[in-house]
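S.K.: Here is the input, now give the coordinates:
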Amino acid sequence: MTPNEELLIEAFMRHCFSCPLDDDAEIDFERECIGYREHGCKECILKHIENLR
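M.R.: This is a model prediction of the structure:
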C-alpha cells in the first residue's frame, strides 16, 4: 500500500461510520467482510477501490 493510498483509506476510516462500499459492489459480505475497522479492512477497501467510483 502506497502512502497516498494509506492516507485515503485512513480518511475513510475517520469519516465513515460503516463500510463505504455498496451492497452491490460484487463483494460477498458474509464470506469476505471481516468487519469495518477490523484488521484487514484497509486491504479489503483497497482491493475493491474501483467500486467506490
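S.K.: Nearest to the spatial middle of this structure, which residue is it?
M.R.: Among the residues of the chain, residue 45 comes closest to the average C-alpha position under C-alpha atoms, centre = their mean, at 2.4 Å.
S.K.: residue contacts, that residue?
M.R.: Listed by C-beta atoms under 8 Å, 6 or more residues apart in numbering, the contact set of residue 45 reads 9, 12, 19-21. Glycine gets a C-beta too; all of them are placed from N, C-alpha and C.
S.K.: separation between it and residue 9?
M.R.: With the distance defined as C-beta to C-beta, to the nearest Å, residue 45 ends up 5 Å from residue 9.
S.K.: Check residue 26 too.
M.R.: Between residue 26 and residue 9 the distance is 19 Å, computed by C-beta to C-beta.
S.K.: Surely residue 46 touches residue 9?
M.R.: Yes. With contact taken as C-beta atoms under 8 Å, residue 46 and residue 9 are classed as touching, separated by 6.3 Å.
S.K.: Assess the claim that residue 20 and residue 52 are in contact.
M.R.: Yes. Under the criterion of C-beta under 8 Å, residue 20 makes contact with residue 52 at 6.1 Å.
S.K.: Tell me which of those two has more neighbours.
M.R.: Looking at residue 20 and residue 52 with other C-beta atoms under 10 Å, you find the greater number of neighbours at residue 20, namely 17 against 12.
S.K.: between residue 26 and residue 9, who's got more neighbours?
M.R.: Ranked by neighbour count (other C-beta under 10 Å), residue 26 and residue 9 place residue 9 first, with 19 against 10.
S.K.: Specify the local secondary structure of the more buried one.
M.R.: At residue 9, secondary structure determined by DSSP: H, G, I helix; E, B strand; the rest coil is helix.
S.K.: Looks like it contacts residue 48 (just checking).
M.R.: No. Counting by C-beta under 8 Å, residue 9 does not reach residue 48; the two are 11.4 Å apart.
S.K.: burial count for residue 43?
M.R.: Other residues within reach of residue 43, judged by other C-beta under 10 Å, total 12.
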